[in-house]
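Trainee: below is the structure, and that's it, no one-letter string:
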């Protein structure tokens with residue numbers, strides 16, 4: 001496997017990801033993205049490329065070419081989850097705040 005940092009992604013892919021983050025209100029500096037590129041041997045079956053995405057309290061892996069669509073869908077779902085309010089006596093949330101939450 002070869003680790004490819006986000007800075008080495010193709011320019012169009014980086015620009016598209018920045019657009020996704022902007023649409024979802026996530027600051028790019030709060031997200032770490034890299035790609036694992038399989039290095040199969042001559043007799044090995046083809047392995048998928050895997051994109052790794054992490055942020056404080058949140059991480060996901062995505063296989064395949066449509067990873068960015070899946071990532072944006074995850075961001076949308078994370079932002080739609082109801083959060084419990086400690087001040088109103090509902091208790092503390094059991095998971096980290098969704099990406100993009102203040």
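Mentor: That came in fine, so what should we check first? Note that this is a predicted model, so its numbers are computed, not measured.
Trainee: how about the helices of this structure, start to end?
Mentor: For the chain, applying DSSP state H gives helices covering 11-24, 67-80.
Trainee: pick out the shakiest of these, pLDDT-wise.
Mentor: Mean pLDDT is lowest for helix 67-80 among the helices of the chain, at a mean of 91.
Trainee: and it with helix 11-24, angle?
Mentor: Between helix 67-80 and helix 11-24, the angle comes out at 10 degrees (axes from the mean of the first three to the mean of the last three C-alpha atoms, to 10 degrees).
Trainee: mind listing what's buried in helix 67-80?
Mentor: Residues of helix 67-80 classed as buried: 67-68, 70-72, 74-75, 78 (neighbour count, 16 or more other C-beta atoms under 10 Å). Every C-beta, even on glycine, is put in place using the N, C-alpha and C of the backbone.
Trainee: now that helix: how far from the chain's centre is it?
Mentor: Distance of helix 67-80 from its chain centroid, counting by C-alpha atoms, centre = their mean, to the nearest Å, is 8 Å.
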